[in-house]
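> Provided below are the primary sequence and the corresponding predicted coordinates.
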Amino acid sequence: MGKEQKKEMEKIICPVCKVNFCYKDDYPDGSAGYLCYNCGMTSHSKLIPDTEYLEKAIISTPEFINDNMFLDEKRNIYWFLSTIRTVTGIVFPEPDDSFDGWNWAVAKIVSISEEEQKDYPIPGKDGEFYTNRLAIDDATHFRKNKFYDACQELGGILKTHQE
Ligand SMILES: [Zn+2]
């Protein structure tokens with residue numbers, strides 16, 4: 001096997017919120033990903049204005065997130081609000097008029113008790129029921145620039161990013 005080293009992620013100043021809590025991840029193909037743990041904005045080096053790559057990203061992204069995309073003029077790429085999915089749940093931006101446009105919602109995957117399972121049939125599978133669900137109804141919320149706290153609430157991620 002090759003002796004490729006696991007490089008440290010580079011910490012940069014986020015172009016969106018200007019806080020030094022953003023990580024750049026260099027991929028083997030020469031591209032790079034970005035994620036800011038302060039404001040939760042994310043980008044990729046291929047999200048260049050007027051490209052097919054950007055168009056495809058926009059098409060597959062909810063309108064609310066597209067409405068809040070940010071042009072990083074220094075790198076000439078667009079940044080988007082991120083959605084993080086893990087085995088324990090999801091962190092996603094939720095429109096919120098009272099909190100600067102949006103907040104971060106954290107919904108955890110919870111198990112469904114046997115008595116409740118009848119209320120959660122699996123579509124197209126007769127007599128089969130979900131045993132866990134994403135508890136969107138019981139989501140916790142974090143302010144716009146508390147993305148890191150939202151991720152911590154979800155748990156199990158960011159181990160390599162802690163300060
Ligand atoms: Zn930021």
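Great, that's in hand.
> pull the helix or strand with minimum mean pLDDT from the protein.
Using mean pLDDT, DSSP states H and E, the weakest-scoring helix or strand in the chain turns out to be strand 84-86, at a mean of 90.
> Can you list the strands that that strand pairs with?
Strand 84-86 sits in its sheet next to strand 89-96 (antiparallel), going by DSSP bridges.
> Can I get the partner strand in PDB, CA atoms only?
This file holds the C-alpha atoms of strand 89-96, laid out as PDB (Å, rounded to 0.1, in the frame of the first residue of the first chain):
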ATOM      1  CA  GLY A  89     -29.200  12.000  13.800                       C
ATOM      2  CA  ILE A  90     -29.000  15.100  11.800                       C
ATOM      3  CA  VAL A  91     -28.100  18.800  12.100                       C
ATOM      4  CA  PHE A  92     -29.800  21.100   9.700                       C
ATOM      5  CA  PRO A  93     -30.600  24.700   9.200                       C
ATOM      6  CA  GLU A  94     -34.200  25.700   9.900                       C
ATOM      7  CA  PRO A  95     -35.700  29.000   8.700                       C
ATOM      8  CA  ASP A  96     -36.500  31.200  11.700                       C
END
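> So is that strand next to the ion?
No: using C-beta under 5 Å from the ion, strand 89-96 stays clear of the ion, coming no nearer than 12.8 Å. Any C-beta I mention is one placed from the backbone N, CA and C, and that applies to glycine too.
> ok, so what distance separates the residue nearest the centre of the chain from Asn20?
Nearest to the geometric centre of the chain sits Thr83, at 2.3 Å (C-alpha atoms, centre = their mean). Per C-beta to C-beta, to the nearest Å, Thr83 is found 23 Å from Asn20.
> Repeat that for Ala139.
Distance, Ala139 to Asn20, by C-beta to C-beta: 29 Å.
> ok, those two, which is more surrounded?
Legend: neighbour count by other C-beta atoms under 10 Å for Ala139 and Asn20, higher for Ala139 (19 against 11).
> List the contacts of the more buried one.
Applying C-beta atoms under 8 Å, 6 or more residues apart in numbering to Ala139 gives the contacts 94, 105-107.
> what pLDDT does it get?
The model reports Ala139 with a pLDDT of 95.
> With Ser113 instead?
The model's pLDDT for Ser113 equals 93.
> Asp97 now?
82.
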